[in-house]
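The following block contains a protein sequence and its predicted model.
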Amino acid sequence: MSDQAQKPFSFKLLKTDGAARRGEITTPHGVVRTPAFMPVGTQATVKAMYPQQVRDLGADVILGNTYHLMLRPTAERVAKLGGLHHFMNWPHAILTDSGGFQVMSLAQLRKMSEEGVSFRSHHDGSKHMMSPERSIEIQGLLGSDIQMQLDQCIALPAERSEIEEAMNLSLRWADRSRTQFEKMGGPGKGQALYGIVQGGDNPELRVESAQRLGEMPFEGYSVGGLAVGEPQEVMLRMLEVTTPVMPVHKPRYLMGVGTPEDILESVARGIDQFDCVMPTRAGRHGLAYTRFGKVNLKNARHAEDPRPLDEEADCPATRDYSRAYLHHLVRVNEGLAAMLLTWNNLAYYQFLMQGIRDAIEAGTFEDFRQKTKEDWARGDL
Ligand SMILES: Nc1cc(N)c2c(=O)[nH][nH]c(=O)c2c1
């Protein structure tokens, strides 16, 4: 994409229904309908899917992982080849994470300082430094439409003092990230930088982080530090205290979330964007998400079941293959199992998101939420 001035990044809040929000994000690579689920395209691919398949299911945006791409093939090489959109043949919106979360979860010999995080690659042991400035430089080289500040996400449970220290470091890094983003001309390219709210499972620190971040000029705001193993009720409680003090007319992105239920409950608490490896990873492990809950195709009870996962579904993977066949493919570890179940799972996630958006528009979100949960509870007959 050329560096010429683009339409500014924008967010329109179209309708609310309780705390649920229906909106539209305008990016240089198209409109993102919110609430939105963003399939994870870790190493420049949504695993086991063609880009057009992902698009045909209704995805307006996918996520790219900065940590993985900076190591292989490197951001500089992706830039030389025209940027991530061109490189992976995905002409729609791309959101990238900062890389910090995966440095802490994947890299070796990590050393955290005020400057950033030094680490060695888990591939070849090569040395790297991830600073707020380097993270933004990498995301800019990739051509990301929606970029993330570098932050510090700590594991829970943690002492209040630890949570507060990480929150304050993240706020200092938010400022440095913004400075670098503007230095690289992000706003003029129509790109966005999101600040990330931290504060762990401490309500007071969550509110402080959101309020202080909200006073800084970001195009959107993420809620980080959750979906790190805490109980669902803790995550939802943190959302209940955090979203009411986040800017109303900016997108809110809950990082790393989640299951269909997590998403439904988080939309009900004011979240607009989601990403999670759940549907794609589960698809590679024999697990199908459907309107009536999860189906584990590894289970022998499916060995002679001629029914498809859901004969009323639009997705061919869901409608045109028997459970017996899917069970066989999973049992003999055929590649088609991952392809069909990933296709099914992403189809279900986008079906759920479309249902959520329609319900908010109609003012019937609460009924939709209850009916959806009843269908899940009904289970797979
Ligand atoms: N669950 C989470 C997933 C993530 N990718 C992130 C992240 O990238 N940054 N900061 C976070 O707190 C965070 C939490």
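Now that the structure is in, tell me what you want to look at.

Helix or strand next in line after the longest helix along the chain, which one?
Ranked by number of residues, the top helix in the chain under DSSP state H is helix 335-362. Heading C-terminal from helix 335-362, the first helix or strand you meet, by DSSP states H and E, is helix 365-378.

could you give the angle of the longest helix of the chain to helix 365-378?
Taking axes from the mean of the first three to the mean of the last three Cα atoms, to 10 degrees, one finds helix 335-362 and helix 365-378 inclined to each other by 150 degrees.

tell me the mean pLDDT for helix 335-362?
Helix 335-362 carries an average pLDDT of 98.

How about it, which residues are buried there?
If you call a residue buried by 16 or more other Cβ atoms under 10 Å, then helix 335-362 has these buried ones: 337-353, 355-357, 359-360. In short, each C-beta sits where N, CA and C put it, glycine included.

Any regions of the protein where pLDDT drops low?
1-5, 380-381 (pLDDT under 70).

ok, Glu374 - contacts?
By Cβ atoms under 8 Å, 6 or more residues apart in numbering, Glu374 lies in contact with nothing.

for the residue lying closest to Ala107 once chain neighbours are set aside, what are its contacts?
Spatial nearest neighbour of Ala107, excluding adjacent residues (Cβ to Cβ, 6 or more residues apart in numbering): Phe119 at 3.8 Å. Phe119 makes contact with 103, 107-111, 127-130, according to Cβ under 8 Å, 6+ apart.

repeat that for 7 Å
Shown in contact with Phe119 (Cβ atoms under 7 Å, 6 or more residues apart in numbering): 103, 107-110, 128, 130.

Which among the residues you listed count as buried?
Buried subset of the contacts of Phe119 (neighbour count, 16+ other Cβ under 10 Å): 103, 107, 128, 130.

Tell me the one among those nearest to the ligand.
Of all those, the ligand sits closest to Val103, with 9.7 Å by Cβ to the nearest ligand atom.

how about the residues of the stretch 101-250 of the chain near the ligand?
Applying Cβ under 6 Å from any ligand atom, we find that the stretch 101-250 of the chain lies next to the ligand at 101, 151, 153, 196, 224-228.

if you set the cut-off to 5 Å instead, what comes out?
101, 151, 153, 224-225, 227 (Cβ under 5 Å from any ligand atom).

Now neighbour count too, for these, in a markdown table please.
Output for these, formatted as a markdown table (neighbours: other Cβ atoms under 10 Å):
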| residue | neighbour count |
| --- | --- |
| Phe101 | 23 |
| Asp151 | 28 |
| Cys153 | 22 |
| Gly224 | 28 |
| Gly225 | 32 |
| Ala227 | 22 |
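
Out of those residues, which is nearest to Arg176?
Using Cβ to Cβ, Asp151 comes nearest to Arg176 of those, at 11.1 Å.

I figured the closest one hits Gly199, correct?
No. If you go by Cβ atoms under 7 Å, Asp151 and Gly199 don't touch, sitting 11.1 Å apart.

What separation do you get for the closest residue in space to Leu287 that isn't next to it in sequence and the ligand?
Nearest residue to Leu287 in three dimensions, chain neighbours excluded: Asn296, at 5.6 Å (Cβ to Cβ, 6+ apart). For Asn296, the distance to the ligand equals 25 Å [Cβ to the nearest ligand atom, to the nearest Å].

So what does Asn296 have for phi and psi?
With angles defined as degrees, to the nearest 10, Asn296 sits at phi -90, psi 100.

Around it, how many other residues sit close by?
15 (other Cβ atoms under 10 Å).

now Ser126
As a burial measure, Ser126 scores 9 neighbours (other Cβ under 10 Å).

residues in contact with it?
By Cβ under 7 Å, 6+ apart, Ser126 lies in contact with Arg120.

so how far is Glu137 from it?
17 Å (Cβ to Cβ, to the nearest Å).

Please apply the same query to Trp376.
Trp376 is 43 Å from Glu137, where distance means Cβ to Cβ.

for the residue lying farthest from the centre of the chain, what are its contacts?
Note on the chain: the largest C-alpha distance from the chain mean falls to Glu304, namely 36.3 Å (Cα atoms, centre = their mean). Applying Cβ under 7 Å, 6+ apart to Glu304 gives the contacts Ala324.

For it, give its distance to the ligand.
In terms of Cβ to the nearest ligand atom, Glu304 sits 40 Å off from the ligand.

Would you confirm that that residue belongs to a strand?
No. Counting by DSSP: H, G, I helix; E, B strand; the rest coil, Glu304 falls outside a strand, being coil.

Now it, what are its backbone angles?
Main-chain torsions, Glu304, degrees, to the nearest 10: phi -130, psi 20.

Mind checking what secondary structure the spatially most central residue of the chain has?
Among the residues of the chain, Asp275 comes closest to the average C-alpha position under Cα atoms, centre = their mean, at 1.8 Å. Assigned with three-state DSSP, Asp275 falls in the strand class.

contacting residues around it?
Each residue near Asp275 by Cβ under 7 Å, 6+ apart is listed here: 38, 40, 63, 255-256.

if you set the cut-off to 8 Å instead, what comes out?
Counting by Cβ under 8 Å, 6+ apart, Asp275 touches 37-40, 63, 95, 253, 255-257.

and the residues you listed near the ligand, which?
Contacts with the ligand within the contacts of Asp275, as defined by Cβ under 5 Å from any ligand atom: 255-256.

how much distance is there from stretch 168-187 to the middle of the chain?
Chain-centre distance of stretch 168-187: 21 Å, with Cα atoms, centre = their mean, to the nearest Å.

What residues sit buried inside it?
Residues of stretch 168-187 classed as buried: 168-171, 173-174, 176-178, 180-181, 184, 186-187 (neighbour count, 16+ other Cβ under 10 Å).

so, if you compare the residues you listed, which one comes nearest to Asp320?
When the buried residues of stretch 168-187 are ranked by distance to Asp320 (Cβ to Cβ), Gly186 comes first, at 44.0 Å.
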